[in-house]
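Colleague: Build me a model from this:
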Amino acid sequence: MSEDLSHFVIPLDTPISKLEARDAFDGLTEREKFYCHFLSRASWEGGVICLLQTSPESVPIFLLLRELFSRQDPGALREAVGDGVSGEEFKAFLLYTAALFSNMGNYKSFGDTKFIPGLEREKLYAILQASELYCRSPELVERLWGACSSAMYSLTPRQRQLGLGQEGITTYFSGNCTTEDAELVKLFMLEKNISPYNTRLFKTVTRDGHVEYDIRLASAATSADPCDPGDKVAGVLGTHPFRGTTVSITRGDYAPIMQRMVQNLQKAKSYAANEHEVAMLEAYATSFQTGSLDAHKEGSRHWIKDKGPVVEMYIGFIETYRDPFGVRGEYEGFVAVVNKAMSAKFSQLVSSAEQLLPELPWPREFEKDRFLRPDFTSLDVVTYASSGIPAGINIPNYDEIRQNEGFKNVSLGNVLSARSDDQRVSFLADDDQELFTKLKAQSFEVQVGLHELLGHGSGKLFQQDENGDFNFSAETVKNPLSGQKITSWYGPGETWDTKFSTVASSYEECRAECVGLYLCTSREILRIFGYDGSAAEDVLYVNWLNMVRAGLVGLEYFTPGSNKWRQAHMQARYVILRVLLENAKGLVSIDCITGSDGKPDIVIKLDRTKIESLGRPAIGDFLMKLQVYKSMADVVGGQTLYDKYSEVSGEWLALRETVLTRKIPRRMYVQPLTVEEGGGVQLREFAASPEGIIQCCVECFPAYDSGLEALWKKDRHFWSS
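Modeller: Next up is the predicted model:
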């Protein structure tokens, strides 16, 4: 029997939603619109970096498809193709193109699995041959098609998912790097006090077997010569012997792209609203010009101080989810406009935070010495340039800033409210369907608020600085799990990401999700969001029901062959489900049934009368352990606990098969686009369809990017077999 490859194809019924930002954008002044526009351009220019961070073939596929549709819209291309390609095959081609543009690469941003075109290779080639592009530039089509077509369709075990070494594909590392290489270079970078956030690692083995590493910093500058008198990065560059290898530190990764980002940030600076925005943009530009992460941290400090801006933004190498080693940041840049009504609720939550934090289940000594009141706003996204769009964000991720200076929380309101046509929710009982559909968005809004503010925003890291001084009392603070003194902590230069590495992202998402579940039982919090009485009880119930259902659905993102989880949030939700099943018996039940279509199905139920008596204590106990291990930098204790509940075996593998059979396609979004027109800035909107996503991309990137092609060509030998 041939293998079912449908899981690697974008389904024809994939929902697409429009991110509504018209009202928010129209409410801006002309000055604010120009500020928004140039920040958006900086963000989009950097967005193609994600292609270079995803797979070796992402760039030529992108260049080919963008150029194809820049010459001919989908309707005209369909007419040119004729009857040789069916309507269903052509739709599959459009969906593949839309997915590639949406994910900025040919691996899903949520799940890290590869997707391939849903039509035969010969049919796709026939579409190319019938195109206007092929008529005018056949050499270009043949060159790009020849470079990417095999890899585009290849599903060897290694190419099915992102990963390091033989476990998957990654371009954060050259193709010959292993976990051992990553560990060795981590030690070098720690010794030299270099953060990996804005780096990639390339390994070369000489003919005599000597190993050479190139740590490449992202920057517009390509030379080791100082860019200006304040360029401290120039002094770090060079070659160093390290444990029998040679390690070089260079800069200039993504150089032409970084230069375009810098140029647009400098243009945006002319429209900044205050001195913090000016200083922020100057620091970001310096970071992207020189490769200095310290400059990006300085920009982030000004960003934190820019309270309540009308136009909000953040840009850089931020989240480490997609680095299989868990320490290098994926590029993202977003621009959004504040939703004042929803932000008022979040402001109330911030005002109550100092009273709510003591309710969390860990000892006072494990909480930050002082709550740094953050900005917490609901935003309508105008631009989100990365591989995916989250529902909420808590940044910056730099531990020293988060612990001592503060952070910001962002809820992306028009992402939360984006909806496709209503459809039946999988794995829920009939009597839960209506209430779940009615209140899922509202409950998720509460969960996101708590997750970001009091989840990611809580908890202390025990640290020792270069002078040997501690930020806690080493003599008096006790480990609540053992009753003994604290024996482990973060040393100089160590961070949460570098210490906990591959488990860090999912572990932290699990901790934040647990905080949301634990605190959403507070009627005071539910009143802040506008829910009281029976409405509050229903929102609470749907939030917990949504979490346990998500834990079941999370099985889709586990790969049995490699025993690896591919998505941090879904692993976290599965862990929570397992914790509740083990420690709150009678709260959750999972029943295997036969569906109305005669195929295996699952129903998951939650006893709402036991949430507070059984569920909350179980989550509280688990949450305390997560925080204690995190505070103490106890990697062994934390990972042992987390791995226990992350295990998928036996009956869970059987459940996974049903989950895969019943999986629902993940929604894609079509974003608006800012354009300069008639002396001002206008907002272009596009249809909620594959054609809309394609048109948005073509207008966003109107010219063939020869600089991007040159970057791909220069390094592609690092992944040639």
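Colleague: and stretch 547-564, average pLDDT?
Modeller: Mean pLDDT, stretch 547-564: 95.
Colleague: And stretch 146-166, by the same measure?
Modeller: On average, stretch 146-166 scores 97.
Colleague: Just the C-alphas of that stretch, formatted as PDB.
Modeller: C-alpha atoms of stretch 146-166 as PDB (Å, rounded to 0.1, in the frame of the first residue of the first chain):
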ATOM      1  CA  GLY A 146      15.800  23.400 -11.700                       C
ATOM      2  CA  ALA A 147      17.100  24.700  -8.400                       C
ATOM      3  CA  CYS A 148      14.000  23.900  -6.400                       C
ATOM      4  CA  SER A 149      11.700  21.400  -8.000                       C
ATOM      5  CA  SER A 150      13.200  18.300  -6.600                       C
ATOM      6  CA  ALA A 151      13.400  19.600  -3.000                       C
ATOM      7  CA  MET A 152      10.000  21.100  -3.400                       C
ATOM      8  CA  TYR A 153       8.500  17.700  -3.700                       C
ATOM      9  CA  SER A 154      11.000  15.600  -1.700                       C
ATOM     10  CA  LEU A 155       9.700  13.900   1.500                       C
ATOM     11  CA  THR A 156      12.600  11.900   2.700                       C
ATOM     12  CA  PRO A 157      12.500  11.300   6.400                       C
ATOM     13  CA  ARG A 158      14.900  14.100   7.200                       C
ATOM     14  CA  GLN A 159      13.100  16.600   5.000                       C
ATOM     15  CA  ARG A 160       9.700  16.100   6.500                       C
ATOM     16  CA  GLN A 161      10.300  18.400   9.500                       C
ATOM     17  CA  LEU A 162      12.600  21.000  10.800                       C
ATOM     18  CA  GLY A 163      15.400  19.700  13.000                       C
ATOM     19  CA  LEU A 164      19.100  19.500  13.600                       C
ATOM     20  CA  GLY A 165      21.500  16.900  12.100                       C
ATOM     21  CA  GLN A 166      19.700  13.900  10.700                       C
END
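Colleague: Please state the offset of it from the chain centre?
Modeller: Offset of stretch 146-166 from its chain centre (CA atoms, centre = their mean, to the nearest Å): 21 Å.
Colleague: Would you mark the buried spots in it?
Modeller: Within stretch 146-166, the residues scored as buried using 16 or more other CB atoms under 10 Å are 147-149, 151-153, 158-165. Every C-beta, even on glycine, is put in place using the N, C-alpha and C of the backbone.
Colleague: Stretch 433-452 too?
Modeller: Across stretch 433-452, burial judged by 16+ other CB under 10 Å covers 436, 439-440, 442-452.
Colleague: Repeat that for stretch 616-630.
Modeller: So, applying 16+ other CB under 10 Å, buried residues of stretch 616-630: 616, 618-620, 622-630.
Colleague: TSV for those residues, including distance to Ile694 and secondary structure?
Modeller: Output for the buried residues of stretch 616-630, formatted as TSV (distance: CB to CB, whole Å; DSSP: H, G, I helix; E, B strand; the rest coil):
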residue	distance to Ile694	secondary structure
Arg616	47	helix
Ala618	47	helix
Ile619	44	helix
Gly620	48	helix
Phe622	45	helix
Leu623	44	helix
Met624	49	helix
Lys625	48	helix
Leu626	43	helix
Gln627	45	helix
Val628	50	helix
Tyr629	46	helix
Lys630	43	helix
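Colleague: nearest to Trp719, of the buried residues of stretch 146-166?
Modeller: Ranked by distance to Trp719 (CB to CB), the buried residues of stretch 146-166 are led by Ala151 at 9.2 Å.
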